[in-house]
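Q: need a 3D model of the following:
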Amino acid sequence: MTKSVGNVTVLGIDLMPGAAPEGQARYSVVVIKDNRIVERKIDVGLKGLFSLVKKYKPNYIAVDNIYELAVNHKDLIKFAKRLPVKTKIIQVTKVDGVDYPLEVLAKKHGLIKDICKLPPLKTAEICAQLVLKGVGSVVEIFENETKIIVSRGRSLGSGGMSQARYQRNIRGLILRVTREIKEKLEKSGIDYDVFYRKSNAGLEWSVFIVYAPREKLYGLIKPKRGHDIQVIIEPVVKSDLFFRSLESKEVEYLKRKNSSASSRYLIVGIDPGITTGVAVMDLSGRILDVKSGREMSRSAVVELISQYGKPVIISTDVCRVPNFVKKIASSLNTVLFAPERNLTIEEKREIVQNYLERQKALIRISNSHERDALAAAIRAYQHYLPKFRQVEAYVKELPFKVSLSYVKAMVVRGKTIKDAVKQYIEAAYVESSETTQRRHVGAHVEDVEKILNKLMSFISKINNLESENLRLKEEINKLKKEREELVQTIEYMKTEYFEKIMRDRMYYTLQSRLRKISEQIKEKDEEIKALESEVEKWKRMALKLASRKAIAVPLIKALTLSALSELTESTQDSILVETLSFIDERALNRLKERGVRIIMTLDKVYESKKKIFAQNDLALAYINEKEIEILESYALINREKYSDIIKRALSELEKLRDQLIEERIEEILNEYRRERIKAWLNKV
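A: The predicted model follows:
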């Protein structure tokens, strides 16, 4: 529903036919004040347009296309700077990020009856009326920041002693005005950063970046243009143009940034000052960019960083961290790194030069600020490098894929490697669960801790099997070495001297030992192959469970109490029984107590057996042996196949319940009829 903006002044404009903003622009203008048209004009030039703006001080200037006001972004900024601070530009044809024809919006809101080409004056009127109905998007050109520049009023030329004294007075005056502005901002609790250039007797100039809109400074700090000194106040221009809808407050950038690097984690080095240097690295030590800029605000630095990813570490090259860097780290919720002592120029030069040579990186360092920022980033990376290597070694041993940069980022923030991996699995599981819920409404969702515990159990089994495998390999190597020694001994025994001494006895003894060792080696080789096959099976099972492609169901050989006592799972709602040749009623009751509802079997399922289970409120389902993979006490079943079997079994259980109830009712009725007939015969 459209929301009205209330009783305000709106100036609607439209470009005259044949006119263009790059030439002699001519406009049709309609002014609406307090819901009443107070002025209509056609063929108004740019000077006349600003005269009307000065006269009415409108809250909004409404157009159907912002590029009717200016040819490009740069000229649009110039146009906006000439407007009163509270006057906003609105493009009425953009609603919630979607462009609509003006005629369509006009008809939708009852401003015209039929869609047709509109004359310029009518277009200007409709633009203004649509704004009053809350239609359109505000063109956001300026940041909620203001720049205050304090400098001398005129150039100081050459001169004698009087000229030097005059320069000192001007510099002292700039220092005094700078202090006054600082006191006013601090007294009002307004956040700011200040940059300045010192000189003898005062300051050459100073620049404040105030983190508040221009209108908040009214009555607090006034602009000044004097003979000796000037104070210039101007809003900070956004790097990108975007629209804010009047209705939903949604934001749409006119120039979209590339978001492919949004998931990358970063180390950022910052060297603040009049010229601020910024160096960006990823957690693998790759240098992504090194830049610098004059009088950069904190928001400009944050915006630059966000183009490359998510910062995890903000670093500096001095032990006492500047407030500028502290505030950026706080706003981004990152770890702050500072060296134990200030790095010297020579140290910073050596750090950067050696690192670039090792990495063979073609990075151009333009100034000392960029060098210092890069040195700070490299020092932070080198500090955390041993921990990063531990993470890489740990993740490499996992049987499933984990984001290395994510785990590194969590470790930097204070988590253990194990907890970081667990958090990543939980996040991946939640994302997978949300996707599954969107695709299959009402699908069964298992508990996160349960799956994680299963995964950890499988990983532990895999590690034990691999340890056993390694032990057996060492034993084989030992046996092989012993066999080589025996072979050498046999060769020696074959010599003429030894044959003469102890030919028969020792020779045949060694031959016997050699055959026995060979048989042992063969047995161990077969055992290793079996273990390796078992390890691969467990790995496949862990990966399938982690990716939610399969589900593990407890497995028993027969439906007996002794078989149930071997079960480790106690909360599963289903179980697989290999054969139903014997059914223990006590085992059925025990399953019901454990919350089991479905029993799957590899045996053929007859209707009579289904009824026996249905009488105990249990569903019986058949599953083909080819559709499962058995590993010790578990059966791995495809998740979709499992869901189909469960759904079909529960449906059959409901039907059997109804059938049993009907049979019981029929039996009661028959018993009742027999009793009635018997009573009637006795009476006769």
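Q: find the helix or strand that residue 300 is a member of.
A: Assessed by DSSP states H and E, residue 300 sits inside helix 298-306.
Q: next, residue 624: phi, psi?
A: phi -70, psi 140 (degrees, to the nearest 10).
Q: can you pull the contacts of it?
A: residue 602 (Cβ atoms under 8 Å, 6 or more residues apart in numbering). Just so you know, the C-beta spots here come from the backbone N, C-alpha and C atoms, and that holds for glycine as well.
Q: need the pLDDT of it.
A: Listed pLDDT for residue 624 reads 83.
Q: likewise for the one 4 residues further on?
A: In the prediction, the pLDDT value recorded for residue 628 is 83.
Q: tally of neighbours for the closest residue to residue 168 other than its chain neighbours?
A: Nearest residue to residue 168 in three dimensions, chain neighbours excluded: residue 201, at 4.0 Å (Cβ to Cβ, 6 or more residues apart in numbering). For residue 201, the neighbour count with other Cβ atoms under 10 Å is 15.
Q: so where is the protein shaky, pLDDT-wise?
A: Scanning the chain with the threshold set as pLDDT under 70 gives 1-6, 155-162, 247-262, 428-456, 459-460, 493-504, 568-571, 684.
Q: dump whichever helix or strand comes after the helix holding residue 300 to PDB, restricted to CA.
A: Sequence-wise, the next helix or strand downstream of helix 298-306 (DSSP H and E) is strand 310-315. In PDB, the C-alpha atoms belonging to strand 310-315 read as follows (Å, rounded to 0.1, in the frame of the first residue of the first chain):
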ATOM      1  CA  LYS A 310      35.700  -9.900   5.100                       C
ATOM      2  CA  PRO A 311      38.600  -8.600   7.300                       C
ATOM      3  CA  VAL A 312      39.700 -10.800  10.200                       C
ATOM      4  CA  ILE A 313      42.800  -8.900  11.300                       C
ATOM      5  CA  ILE A 314      43.500  -5.200  11.200                       C
ATOM      6  CA  SER A 315      47.200  -4.400  11.700                       C
END
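Q: convert the very next helix or strand once past strand 310-315 to PDB, retaining C-alpha atoms only.
A: Using DSSP H and E, the helix or strand that follows strand 310-315 in sequence is helix 323-332. Provided in PDB are the C-alpha atoms of helix 323-332 (Å, rounded to 0.1, in the frame of the first residue of the first chain):
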ATOM      1  CA  ASN A 323      42.400   5.900  17.200                       C
ATOM      2  CA  PHE A 324      41.600   5.900  13.400                       C
ATOM      3  CA  VAL A 325      42.700   2.200  13.200                       C
ATOM      4  CA  LYS A 326      41.100   1.300  16.500                       C
ATOM      5  CA  LYS A 327      37.700   2.600  15.300                       C
ATOM      6  CA  ILE A 328      37.900   0.800  12.000                       C
ATOM      7  CA  ALA A 329      38.800  -2.500  13.800                       C
ATOM      8  CA  SER A 330      35.900  -2.000  16.200                       C
ATOM      9  CA  SER A 331      33.400  -1.200  13.500                       C
ATOM     10  CA  LEU A 332      34.400  -4.300  11.500                       C
END
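Q: and helix 323-332, which residues are buried?
A: By neighbour count on 16 or more other Cβ atoms under 10 Å, the buried set for helix 323-332 is 324, 325, 328, 329, 332.
Q: contacting residues for the last one?
A: Residue 332 makes contact with 302, 305, 311, 314 under the criterion Cβ under 8 Å, 6+ apart.
Q: narrow the residues you listed to those that are buried.
A: Buried among the contacts of residue 332 (16+ other Cβ under 10 Å): 305, 311, 314.
Q: ok, of those residues, which one's closest to residue 629?
A: Using Cβ to Cβ, residue 311 is the member of these that lies nearest residue 629, at 45.1 Å.
Q: hmm, residue 266 and the closest one touching each other?
A: Yes - the pair residue 311 and residue 266 passes the contact test of Cβ atoms under 8 Å, sitting 4.7 Å apart.
Q: next, show the common contact partners of those two.
A: residue 305.
Q: which neighbouring elements make contact with the helix or strand hosting residue 485?
A: Using DSSP H and E, residue 485 maps to helix 448-493. Secondary-structure packing of helix 448-493 (3 or more Cβ pairs under 8 Å, 6 or more residues apart in numbering; DSSP states H and E): helix 417-439, helix 496-546.
Q: and these as a markdown table, adding mean neighbour count and distance to residue 395?
A: What follows is the helices and strands packed on helix 448-493, written out as a markdown table (neighbours: other Cβ atoms under 10 Å; distance: least, Cβ to Cβ, whole Å):
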| stretch | mean neighbour count | distance to residue 395 |
| --- | --- | --- |
| helix 417-439 | 14 | 7 |
| helix 496-546 | 13 | 14 |
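Q: could those helices be laid out in JSON lines, adding distance to residue 34?
A: Putting the helices and strands packed on helix 448-493 into JSON lines (distance: least, Cβ to Cβ, whole Å) gives the following:
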{"stretch": "helix 417-439", "distance to residue 34": "49"}
{"stretch": "helix 496-546", "distance to residue 34": "65"}
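Q: residues in contact with residue 343?
A: 317, 318, 351, 372, 375, 376, 379.
Q: how far off centre is stretch 72-80?
A: 35 Å (Cα atoms, centre = their mean, to the nearest Å).
Q: what's next to it, contact-wise?
A: 21, 66, 67, 69, 70, 89, 139, 141, 142, 237, 241.
Q: so the third one touches residue 20, yeah?
A: Just to be clear, that refers to residue 67. No - contact between residue 67 and residue 20 fails when scored by Cβ under 8 Å: they sit 10.0 Å apart.
Q: list the contacts for residue 63?
A: 12, 13, 14, 69, 89, 90, 91, 92, 127.
Q: again but with residue 295, I slipped
A: Residue 295 neighbours (Cβ under 8 Å, 6+ apart): 147, 195, 207, 209, 274.
Q: repeat that for 6 Å
A: 195, 207 (Cβ atoms under 6 Å, 6 or more residues apart in numbering).
Q: residue 376 now?
A: Residue 376 neighbours (Cβ under 6 Å, 6+ apart): 269, 315, 316, 317.
Q: now the stretch of helix or strand residue 667 belongs to and helix 496-546, what's the angle there?
A: Assigning secondary structure by DSSP H and E places residue 667 in helix 639-683. Interaxial angle of helix 639-683 relative to helix 496-546 (axes from the mean of the first three to the mean of the last three Cα atoms, to 10 degrees): 70 degrees.
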